[in-house]
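Trainee: From the sequence below, what's the structure:
(one chain, ligands or ions: 2)
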Amino acid sequence: FQEFPGGWSGSSLRGGTMDLLLLLLLHGLLLLPLAALLLYRCSSTFQYLCKMAFFNCWIVAMATLLSPFAAFRGRSVENMKLLRASLLPLKRFYGIRMRVRGSERLQLPGPFVIVCNHQASLDLIGMVEVIPDRCVPIAKRELLYLGTVGWACWLSGIIFIERHRRDAAIGVISRTAGTMRRENVSRLCVWVFPEGTRNPGRSMLPFKRGAFHLAVQAQVPIVPIVISPYCDFFSSKEKRFTSGTCTIQVLPRVETRGLSPKDVPKLTESVWQAMAKALAEMSMSDHGDQDTEQLQLGEDRGSPQGQGDTAESSK
Ligand SMILES: CCCCCC/C=C\CCCCCCCCCC(=O)SCCNC(=O)CCNC(=O)[C@H](O)C(C)(C)COP(=O)(O)OP(=O)(O)OC[C@H]1O[C@@H](n2cnc3c(N)ncnc32)[C@H](O)[C@@H]1OP(=O)(O)O
Ligand SMILES: CCCCCCCC/C=C\CCCCCCCC(=O)OC[C@@H](O)COP(=O)(O)O
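Mentor: Residues are numbered from 1 along each chain as shown. Ligands and ions are numbered 1, 2, ... in the order given. Sure, this is the predicted structure:
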């Protein structure tokens, strides 16, 4: 086949089109990241979506990578160490500075129940900052069905409850209390988000009673933890996610020795009040970013250690 000199044959025309397409594709490949970068810089919504996507992808990736190792140990609360280590770097990726106040209040020799306010899934970043060894969260059963994430949660000994099947949930909580009380089991602590669901903003929902029944049944103290409002740097409603500072305040423990189920409503109310007060003070002092060392928690309900033992560690 002889080409017409200086002219276009069918195949060279096709070759030219291919070249053009390739060129366009190459430009597209180069321009797409640039456009995404530009969008990331200019649009706070896009930034929010990217950061949330990264958050979820990180969790899925860690769960997928680490679950096989955790599986060697079998289902064990010791795997919570892996879970904690895998989520600890997240704060650095997002430029979130964590201030922990009163962390020494978590150094109790025996078992206890932690209750903490629940604003968003971002709470996991705060949770891993302070969660003690041999402490497992109570989670909604739906998490079990998130593929490798569910598997990782199960392997870490996370306790699952079906929130809408009260009797079944109460059964799980009673068995957990039994485990906490058993002397042949080394110390087991439980982390509960007593609001029972995420609640963004500066307020707290009324508390569900499971955590308080658990503490009373096991006759162990309750340690309330308040995470300052994220409003300054995070809002799922406004699709906003920048860097910022978060304060985690550990409040004095509340003893439950000698209390019975009939005391649970009052106990629930008094812990809610103490946490709401701390949350309000954090919101006022520049949204938790300023000094909250003056925080007066009111009556130290049952804590023999009393007030003034707040220490700060900023990480
Ligand atoms: C291998 C490592 C790799 C790792 C990589 C990373 C991988 C994964 C990372 C993921 C990590 C996940 C972390 C998990 C965080 C999950 C967070 C959540 O899921 S929060 C949601 C779940 N939590 C809760 O629901 C809170 C606990 N719920 C309750 O306490 C509720 O009380 C209940 C569910 C038990 C019942 O709820 P409800 O009926 O709506 O309301 P109440 O007002 O609380 O109770 C009604 C009456 O029942 C009585 N009651 C309640 N509990 C008990 C009880 N235990 N015993 C006896 N009676 C009980 C209560 O007193 C009320 O009766 P009354 O007469 O009115 O007093
Ligand atoms: C085969 C299935 C494939 C599944 C794909 C997996 C995708 C999973 C993506 C990301 C997993 C991130 C899990 C983060 C867990 C955050 C814990 C949390 O904050 O739970 C919310 C719960 O407290 C209250 O729930 P609601 O506010 O009532 O709602």
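
Trainee: And the average pLDDT for the longest helix seen in the chain is what?
Mentor: Secondary structure assigned by DSSP state H gives helix 10-42 as the longest helix of the chain. Helix 10-42 shows a mean pLDDT of 83.

Trainee: Please name every helix or strand in contact with it.
Mentor: Contacts defined by 3 or more Cβ pairs under 8 Å, 6 or more residues apart in numbering; DSSP states H and E place helix 10-42 against helix 44-73. Where you see a C-beta, it was placed from the backbone N, CA and C, and this is true even at glycine.

Trainee: List the buried residues of the helix it packs on.
Mentor: By 16 or more other Cβ atoms under 10 Å, the buried positions in helix 44-73 come out as 47, 48, 51, 52, 55, 59, 62, 63, 66, 67, 70.

Trainee: Out of those residues, the closest to residue 137 would be?
Mentor: Nearest to residue 137 out of the buried residues of helix 44-73 is residue 59 (Cβ to Cβ; 14.0 Å).

Trainee: ok, that closest one - contacts?
Mentor: In this structure, residue 59 makes contact with 87, 124, 149, judged by Cβ atoms under 8 Å, 6 or more residues apart in numbering.

Trainee: I'd like to know how far it sits from ligand 1.
Mentor: Distance, residue 59 to ligand 1, by Cβ to the nearest ligand atom, to the nearest Å: 5 Å.

Trainee: do the same with residue 82
Mentor: 4 Å.

Trainee: Tell me which residue of the protein lies closest to ligand 1.
Mentor: Nearest residue of the chain to ligand 1: residue 210, at 2.0 Å (Cβ to the nearest ligand atom).

Trainee: so that residue sits right up against residue 173, yeah?
Mentor: Yes - in this structure, residue 210 is within contact of residue 173 by Cβ atoms under 8 Å, at 5.1 Å.

Trainee: who touches both of these two?
Mentor: With Cβ under 8 Å, 6+ apart, residue 210 and residue 173 have common neighbours 138, 161.

Trainee: Just give the number of residues close to the nearest residue to residue 185 once chain neighbours are set aside.
Mentor: Leaving aside its sequence neighbours, residue 185 sits nearest to residue 179 (Cβ to Cβ, 6 or more residues apart in numbering; 5.8 Å). Counted by other Cβ atoms under 10 Å, the residues lying close to residue 179 total 14.

Trainee: Let me know the distance separating the residue most central in space within the chain from residue 163.
Mentor: Geometric centre of the chain, nearest residue: residue 124, 1.4 Å, by Cα atoms, centre = their mean. With the distance defined as Cβ to Cβ, to the nearest Å, residue 124 ends up 19 Å from residue 163.

Trainee: So which bits of the protein are right by ligand 2?
Mentor: 56, 59-60, 118, 121, 124, 140, 146-147, 149, 193, 197-198 (Cβ under 6 Å from any ligand atom).

Trainee: Kind regards, and thank you for your time.
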